[in-house]
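> please find the sequence and the predicted model below.
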Amino acid sequence: MPAIPQARRRWALIALCVTEITSWGVLYYAFPVLAPRISVETGWSVPAVTWAFSVSQIVSA
């Protein structure tokens, strides 16, 4: 198997870094914006929605 050129590896690493930062941002920073709407649609209080999100993160860890 031939070696991958260093420049190509660098661009792949940059792309992976940008993708990772974006995905974490979408997951964690969108939640406070969406929590009130989730609360209205489910009938749960905002603290209950936040608690459920926190528990889901603990379980996934």
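Nice, I can see it. Every value quoted in this text rests on a predicted model; they were computed, and no experiment measured them. Numbering: from 1, shown residues only.
> quick check: residue 60 vs residue 27, distance?
According to Cβ to Cβ, to the nearest Å, residue 60 and residue 27 sit 11 Å apart. From N, CA and C alone the C-beta is placed, and that goes for glycine too.
> one more: residue 56?
Going from residue 56 to residue 27 by Cβ to Cβ gives 11 Å.
> same check, this time on residue 19
The gap separating residue 19 from residue 27 is 12 Å, by Cβ to Cβ.
> circling back: which one's more surrounded, residue 60 and residue 27?
Per other Cβ atoms under 10 Å, whichever of residue 60 and residue 27 has more neighbours is residue 27, with 10 against 6.
> the more buried one is in what secondary structure piece?
Element membership of residue 27 [criterion: DSSP states H and E] is helix 6-42.
> for that helix, buried residues please.
Using 16 or more other Cβ atoms under 10 Å as the test for burial, helix 6-42 gives 35, 38-39.
> how far off centre is that helix?
Its chain's average C-alpha position is 4 Å from that of helix 6-42, according to Cα atoms, centre = their mean, to the nearest Å.
> what's the next secondary structure element after it?
helix 46-60.
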